[in-house]
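**Q** sequence first, predicted coordinates after that:
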Amino acid sequence: MAYPQQPQPRYGHCDSYFVESHDDGVYAARAEARERVRAIARMQQRAIAEDLSRQTADEYQEDIMDHMEYMESQTIPDVNSIDIQTEIQWFMRPYLLDFLVEAHAAFQLLPETLFLAVNLLDRYCSRRVVYKRHYQLVGCAALLIAAKYGDKKDRVPTVRELKSMCCSLYDDEMFTQMEWHVLQTLNWIVGHPTVDAFLQIALSEGRYDAEVEHMSLYIAEIALFHKEFVSTRPSVIARSSLALARCILSRNQTTVSEWAGSYDPQTVVSLSNHLYQPSQVLSRKYASMHLSNVSTTVDDFLQHQAQIARRATAPPTPPTTVALEDSKPTMDGYGPQTPQKTHYGAAVMQHGCLTPPITPENEQFGHGNGSMVKSQAVPPAYPTTPTPDHPSNLHHTQYYHNSYLQPQPQY
């Protein structure tokens, strides 16, 4: 009996059900081409969206500015209310701000988050009595709210991280309760046009300069540490810090628009007076390369200005042949010269310079009966932040890390 022959396999014998195809390279090339086309399409869509957003922003720019200026007037803290706090004092504020600056840098948050957190802190202290032991807790809650409001979601600090930075001084539930209490106190009005928001608007009207932006932010963050700028409008601080930054960096003061080119001269002078002793934490932060080393640039600028001032105020050497009665005090520099008293006799000549009569230290001669009276101390140009007589009684160790107890500059 003959059996039928089995049909031969079409593709030959195979020991496995998985056969390697020789067309994988073609399919991979086609997939890569499709992905490239999709990426180009996404870039084009993003460019179109940015263009439409820019056109819409230009159309509504005036309305946006009006709303921002209205909101900044509604969300400014009250300095007088903070003054009547029973436990927290102004000299404690720089220590807390140092902590917030370091936490802000550690979590790599946006610049506007720091300004918003400080604003929430000051607004809460304007409405509620804050105890010393809870001051840092309020600052952490303000930073947490500000990060949730406008920062990237993956960079928002967790309660566990904040608790670790506070050396486990507060429980997890205390952070949640304080966060809720701050929001309730502020009637859930978190939105506040920060200095960074106004600064970005002013910078967008000219050619972008990273060094000018970093310098302006450095000056604006210095202003956070001082009482006199707490109630100053963010728009005024933004434009004044931008003008001062351009002056330090020898940039031209652009006047593209009337709003961006206008600034308060008095605020510029006040900001410049506080550049000499910035916070050490803030100075280290802006000494990095990605922030253009602006703190080092400011130090070099101040040293150069001090040298110019010393040369300008140095008294000139008058000729030795000039008679005493013909010589008059001059004002070549900004500093006042020592007046020559006419009731003295011949003055002594030393090294070609007129030697003024010796005036007792810290005293001056009266004009009435010739008696000597104590001179009054000249008041400072700006009010200084009060400092404690005995810092050891402040118990900062209850709510600050040991590194913040190092000697800090007075603000």
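**A** On my side now, so go ahead.
**Q** shouldn't Ser216 be in contact with Leu199?
**A** Yes: Ser216 is within contact range of Leu199, at 5.7 Å (criterion: C-beta atoms under 8 Å). Any C-beta I mention is one placed from the backbone N, CA and C, and that applies to glycine too.
**Q** any common contacting residues for these two?
**A** 238, 241-242 (C-beta atoms under 8 Å, 6 or more residues apart in numbering).
**Q** in helices, which of the residues you listed fall?
**A** Among the shared contacts of Ser216 and Leu199, DSSP state H puts 238, 241-242 in helices.
**Q** surely Ala287 is in a strand?
**A** No: read with DSSP: H, G, I helix; E, B strand; the rest coil, Ala287 is coil and lies in no strand.
**Q** shouldn't it be in contact with Thr296?
**A** Yes: judged on C-beta under 8 Å, Ala287 makes contact with Thr296 at a distance of 5.7 Å.
**Q** these two: which has the busier surroundings?
**A** Ala287 (16 against 12; other C-beta atoms under 10 Å).
**Q** let me see the backbone angles for that one.
**A** Here is the backbone geometry of Ala287 (degrees, to the nearest 10): phi -90, psi 0.
**Q** so, low pLDDT: which residues of the protein?
**A** In the predicted model of the chain, residues 1-24, 254-258, 314-411 satisfy pLDDT under 70.
**Q** can I see the domain layout of it?
**A** Split into domains by automatic domain parsing, the chain comes to 73-185, 195-304.
**Q** among those, which comes closest to Leu52?
**A** domain 195-304 (16.7 Å; C-beta to C-beta).
**Q** what about the closest one, start to end distance?
**A** Terminal residues of domain 195-304 lie 29 Å apart, using C-alpha to C-alpha, to the nearest Å.
**Q** residues near the residue nearest to Ser231 when sequence neighbours are not counted, how many?
**A** Closest residue in space to Ser231, ignoring its immediate chain neighbours: Val79 at 5.0 Å, by C-beta to C-beta, 6 or more residues apart in numbering. Val79: 16 surrounding residues under other C-beta under 10 Å.
**Q** and Arg239, by the same measure?
**A** 25.
**Q** now the helices for the stretch 151-300 of the chain?
**A** 159-165, 172-185, 195-203, 210-223, 234-248, 258-261, 265-273, 280-285, 294-313 (DSSP state H, counting those that start in this stretch).
**Q** tell me how far Gln305 lies from Arg311.
**A** Distance from Gln305 to Arg311, counting by C-beta to C-beta, to the nearest Å: 11 Å.
**Q** of all the residues in the top helix by length along the chain, which ones are buried?
**A** What stands out as the longest helix in the chain, according to DSSP H, is helix 24-59. Buried residues in helix 24-59, defined by neighbour count with 16 or more other C-beta atoms under 10 Å: none.
**Q** what does stretch 280-299 give?
**A** Buried-residue list, stretch 280-299, by 16+ other C-beta under 10 Å: 281-283, 285-287, 291-295, 297-299.
**Q** and of these, the nearest to Pro111?
**A** Leu291 (10.3 Å).
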